[in-house]
Structure formats: structure tokens, C-alpha cells
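Undergrad: quick one: sequence and predicted model below, then my questions.
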4 protein chains.
Amino acid sequence: MFTVDPRNNSPIYKQIINSVKESIIKGMLLPGDKLPSVRELAKILTTNPNTVSKAYNELERMHIIETLRGKGTFVAIDYTPKIEAKNIVKLKDGLKKVLIDAHYMGLKKDDINKIINELYDELLNDENHNITKGDIV
Amino acid sequence: MFTVDPRNNSPIYKQIINSVKESIIKGMLLPGDKLPSVRELAKILTTNPNTVSKAYNELERMHIIETLRGKGTFVAIDYTPKIEAKNIVKLKDGLKKVLIDAHYMGLKKDDINKIINELYDELLNDENHNITKGDIV
Amino acid sequence: MFTVDPRNNSPIYKQIINSVKESIIKGMLLPGDKLPSVRELAKILTTNPNTVSKAYNELERMHIIETLRGKGTFVAIDYTPKIEAKNIVKLKDGLKKVLIDAHYMGLKKDDINKIINELYDELLNDENHNITKGDIV
Amino acid sequence: MFTVDPRNNSPIYKQIINSVKESIIKGMLLPGDKLPSVRELAKILTTNPNTVSKAYNELERMHIIETLRGKGTFVAIDYTPKIEAKNIVKLKDGLKKVLIDAHYMGLKKDDINKIINELYDELLNDENHNITKGDIV
DNA sequence: GTGGTCTAGACCACA
DNA sequence: GTGGTCTAGACCACT
């Protein structure tokens, strides 16, 4: 469910953050679901609890998950996107970097669009969202 | 021409790299054009020369610029994109991160497409490309 | 009457303590009034009885409530404030933190005074205090 | 300049945060000033660098300080308070707790007002702000 | 059981 | 020199 690649040069805690986000988007984790405990996930990923903790803390700051004292960590039930100018700028910046890299790899706009379609299919495909979400959410 | 933001958390040498790449794509720098010397650019950006040097070195390794001993640094005239599987994976990975972030900011696929169109317009608008870049783009 | 928010990061037992204190100050609970039993309150708040117990124990140590064996828990009839230097220091410290936070939120002294007035109105408005609490307040 | 009390039960990193905030409010640190490096401050406070780092990270998230890669940490030059409903609620909550405690210590509204005046004098007294701030800020 | 805090000590990327 | 990340291991408060 959660995957982390120690060879990847992006820090482990950020990989965990992205992994959790992805699982939620894909519908593998639903609002209210319990996340593995810090120690559990650390064991699963063979990483240090502090690293998992750091990831969970950041996710909580983003209001994506919430922790109930002594009970554990859960997917937030009331997440509402908040569009901030600063974040849009960051997003555009990140996207620009990707497009520049793509250009230098010989990829054109159509290639990018194709990749984006693939990625959206992977993240938001119907299978994940038809069945379970209806009853629970 | 080249811009760098010390508050941005992406390393300065990478910002320089991207800035050079962007200038080339936009046609502001053409194949064969001379780049400012390391010291010059360091002064312009109020940066450490080592930082500029590191950026130039990486750009050279990518065959995007080339150094002629004693003459200076120039935009490569023979850049040819090379698609490597490893890089494609990285690109997809980067794109996925962006899309996930976008999702959590409430942006939909259409919003992303709009931004991408904007960015392509910014990078590849006709004015910049009437001479040489037609085939690469 | 008693409210507790599991998402709030202040510990639940402290929230219970404050909730009881607030109810007494507001006059909703008068000296001699019976408090819900530990189990009852635990059920009401959907909390662990141990948590309620911990709160009641602390409240008893502060002489704010008292337990009569076999009869239940009651609001103390003889509470008398006791000013200790140590507690004054703590209070100032807490207040300083609030003021610093307020400053960074752009709130000025006047704003704080306004909020304090509101809070005092909420806590000590006349309706609640026509009978017994006149002298303590 | 920065003080931390290991006997205080509030976590050290939070004490550091408050200490920095206070120093800035008092005008002992001006916008653009360099903060001690993580290792330095850790040595001064005889605490662990990680603890200082955590404090600095949170302060950066609040936009109170900013770090320039490889150069160090500085007081932000462009801090602008942003009033969010959620934070106001938290502030009121904190204030309410203080007032309830004060009430149970026998302190009345006037006593609180007196303490607040004292604290504001301590934080914003003229000496700190007449001289230096005029020329630099 | 849960997460939060802290230490000691290591390695790395960056300027 | 700077901060960022990670580990191993400890203790604590809370439910």
C-alpha cells in the first residue's frame, strides 16, 4: 500500500507523504480510515519511527490527516482544498520545470498530454471510486 | 535575463540551470551564443562563483552548453534530445507529484491543461522561434 | 453542558477540567450540585472512563469538587481561591504567550481588551450570578 | 538573549519559538538580522541541534524567519500578519483558559488588565523601538 | 496501545 | 561554514 524507495533521492518522509496522498486520491484510504501507527509503518517500511512521524506531522499540517490523542492517526473527514496564490505559483513553477525537462528530452506537448491522461487514469480510475465511496462517504 | 531567488528552496545552481535552459527554449539564447563568464554571472546574481560554476558544469554534461578553452562558454550548436527510460520515469514521477498537489489544491484536469497551455505559450511563442528552433520544438 | 473536542490538541482530561470549571463559573453548576458519575460522563462524551476519572481527580485536588463515598461527586461548597506565587508566574507566562501570538496575528492591545470583555461577559453575565456567586466574582 | 528553562514542562522547541518571537517583538532582533546558527544556538542552550532545528522550521513555516541555503537563518523582512478565523478561535480559547484559571486564583478583571498592561510595557516599551527601528525598518 | 519530545551521532547537499 | 535528513534508542503523556 505504501511504498518507499531508499534509492530515490527525494527524502523518505516526502515519499511517505506522497504515498499517503496517492492512496487517498486513489480511494484506497477513505475519510475516517485509520492509518497504520507510526511504529507499525516504520516497521513495514523498515525505516525509523521519527521519519514516519515527520511525514504524519506534515500531512496533519496540510489537514489531510488528523491525529486523535492516544488513539491513532486517521484520514481527515473534512478536507477542503484552499487555493492560495502562493501555492499556485509553486505549482506552476514545478510544472514549468517538468515541461522544460520534457522539451530537452524531445517530448512535445502531445506527449505530455498523453502522459497526463495516463496519470489521471491511474489516480482517478472508476474502479477505485464507484463501489466503496458511495456507501461510506 | 537570468533570475534566481535565494528564498526559493530549490538550490541556486539548479535555478541557474533552469534559467539557462528556459532562455534557450524561449529563443533568447541561440545556438552558438556566448554565455556570461562564470565571474560575470556570479556578480550579476550576487552569488558565489562556485555556484555558477557548478551550474555550468552540469549544463555542459547535458551537452546543452559547451566551453571553448580560453574563449568562453557557448550555447551548444548540436544539441540533440536523447530519450532515456530512466529519465522518462523521473519525468512521470515529477508530473505525478504535481498532479497530486494540484488535486489537493482543488484543481481539476482542465485547470491543469489550461496552465500547461499557458506555459507552452510562454515558452514557445512564435516570435522567439522564427529562425532556428522550429525543428527542435 | 460539558463539551470535548477530540481533534483539539489539548488533552481530553484537561478539556473536561476546563469544561467543569467553566460551568461552575457560569453558574450552571452551583456549590453542592451533583456532577454526573464517571461512567455517565464517559458515556456522554464517548470517552474512556479513565480519562474522566483523571479529570475528576485533578478537580478534587484543586478543591473545586469533592467526592462523598458512595454518594457521588459534587461541586465543593467551600472553595476559596488561594493565590500562590508559582501560579501567578504560570498565569503571566500563559498570558504572555497569548499576547505574542496576538501580536503576530496583527491584533493590538485594544483588540485584546475587546476580546477579554467579551469573554468576561460570556463567563460572568448577571443572569447566572443573581444568587450565590456575587461575592466570589 | 534566548532563554530556555528545562524545568518548564512546555517543550524546549516551543520555548525557543517563543523566545525568538519575543526577541523580535522587543526589537532585539530586526528584520534581516541573522539568527545564531542551529549548532551555535544548540551549544548556547545546551540542547540538541535537532531541537533547535525543529524550532527554526516551525518559525519558518510561520514566515517569521527565513533560511537562505548554505548561508543561515534570518529574521524575515516581509512578515505580514494574516488573520485567519481558525487562529482567532484558538486565541480566544487560550485566553479563556487563562481567565478561568485567573478566576479560580481569585484574580478579577482589573487584575488581569493590570497584568496585560505590564506585559505590553515589557514587550513594546519605547526604549526598544525609538532608536533603532526608525533608521533601519 | 498511541503519538510527542529529546539526545547523540552520523552523513549529505549547498554556498 | 550552513541547514536537512536519518538512525537508534530513550522517556513521557495520553487514552
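TA: Nice, I can see it.
Undergrad: ok, A:Glu84 - how many residues close by?
TA: Neighbouring residues of A:Glu84 were enumerated by other C-beta atoms under 10 Å in any protein chain shown; the total is 10. Yep, even glycine has a C-beta here, placed from its N, CA and C like the rest.
Undergrad: would you mind measuring from it to D:Glu84?
TA: When distances are taken as C-beta to C-beta, to the nearest Å, A:Glu84 and D:Glu84 turn out to be 11 Å apart.
Undergrad: can you check A:Thr67 too?
TA: Counting by C-beta to C-beta, the gap from A:Thr67 to D:Glu84 is 21 Å.
Undergrad: outline the domain layout of chain A.
TA: For chain A, the structural domains run A:12-75, A:85-136, going by automatic domain parsing.
Undergrad: give me whichever of those is most buried.
TA: Of those, the one with the most neighbours on average (mean count of other C-beta atoms under 10 Å in any protein chain shown) is domain A:12-75, at a mean of 17.
Undergrad: hmm, that one in reach of DNA strand E?
TA: Yes. If you take C-beta under 7 Å from any atom of the strand as the test, domain A:12-75 does meet DNA strand E, through A:35, A:37-40, A:49-50, A:53, A:56-57, A:60, A:67, A:70-73.
Undergrad: which ones are touching the residue in chain A that chain D sits nearest to?
TA: For chain A, the nearest residue to chain D under the criterion C-beta to the nearest C-beta is A:Arg61, separated by 7.6 Å. Shown in contact with A:Arg61 (C-beta atoms under 8 Å, 6 or more residues apart in numbering or on different chains): D:Arg61.
Undergrad: got the phi/psi numbers for it?
TA: Backbone torsions of A:Arg61, given as degrees, to the nearest 10, read phi -60, psi -30.
Undergrad: tell me the residues of chain A that contact chain D?
TA: Chain A comes close to chain D at residues A:Arg61, as judged by C-beta under 8 Å from any C-beta of the partner chain.
Undergrad: where along chain A do the strands fall?
TA: In order along the chain, chain A carries the following strands (DSSP state E): A:65-68, A:72-75.
Undergrad: can you name the two of the residues of domain A:12-75 next to DNA strand E that sit furthest apart?
TA: Using C-beta to C-beta, the residues of domain A:12-75 next to DNA strand E span at most 20.5 Å, a distance reached by A:Asn50 and A:Lys71.
Undergrad: so what's A:Gly72 up against?
TA: A:Gly72 sits next to A:34-35, A:37 when contact means C-beta under 8 Å, 6+ apart.
Undergrad: pLDDT on stretch A:64-84, on average?
TA: Taken as a whole, stretch A:64-84 carries a mean pLDDT of 96.
Undergrad: what's the answer for stretch A:87-104, then?
TA: 97.
Undergrad: show me what it is in contact with.
TA: Judged by C-beta under 8 Å, 6+ apart, the contacts made with stretch A:87-104 from elsewhere in the structure are A:111-112, B:18, B:21-22, B:25, B:62, B:64, B:79, B:81, B:87, B:91, B:94-95, B:97-98, B:101-102, B:105, B:107, B:112, B:115-116, B:119-120, B:123, B:137.
Undergrad: swap the cut-off to 6 Å and go again
TA: Stretch A:87-104 is contacted by residues A:112, B:21, B:25, B:91, B:94-95, B:98, B:102, B:105, B:119 when judged by C-beta atoms under 6 Å, 6 or more residues apart in numbering or on different chains.
Undergrad: is it positioned near DNA strand E?
TA: No. If you take C-beta under 7 Å from any atom of the strand as the test, stretch A:87-104 misses DNA strand E, and the best it gets is 13.7 Å.
Undergrad: could you measure from the residue of chain A found nearest DNA strand F over to A:Asp111?
TA: Distances between chain A and DNA strand F by C-beta to the nearest atom of the strand are smallest at A:Gly70, namely 2.4 Å. The gap separating A:Gly70 from A:Asp111 is 50 Å, by C-beta to C-beta.
Undergrad: check A:Gln15 too.
TA: Applying C-beta to C-beta to A:Gln15 and A:Asp111 gives a distance of 26 Å.
Undergrad: again with A:Leu119
TA: Between A:Leu119 and A:Asp111 the distance, using C-beta to C-beta, works out to 13 Å.
Undergrad: A:Phe2 reaches A:Ser19, doesn't it?
TA: Yes. Under the criterion of C-beta atoms under 6 Å, A:Phe2 lies in contact with A:Ser19, with a separation of 4.4 Å.
Undergrad: and the angle for the longest helix along chain A with helix B:85-104?
TA: Taking DSSP state H as the criterion, chain A has its longest helix at helix A:85-104. Calculated by axes from the mean of the first three to the mean of the last three C-alpha atoms, to 10 degrees, helix A:85-104 forms an angle of 160 degrees with helix B:85-104.
Undergrad: and helix A:85-104, how far from the chain's centre?
TA: When C-alpha coordinates are averaged (C-alpha atoms, centre = their mean, to the nearest Å), helix A:85-104 and its chain have centres 18 Å apart.
Undergrad: as a quick check, tell me the outermost residue of chain A.
TA: If you look at how far each residue of chain A sits from its centre, by C-alpha atoms, centre = their mean, the farthest one is A:Gly106, at 28.6 Å.
Undergrad: now for the closest residue to it other than its chain neighbours, how many residues are close by?
TA: Distances taken as C-beta to C-beta, 6 or more residues apart in numbering or on different chains place B:Pro81 nearest to A:Gly106, at 3.0 Å, with adjacent residues excluded. B:Pro81 has 11 neighbours, counted by other C-beta under 10 Å.
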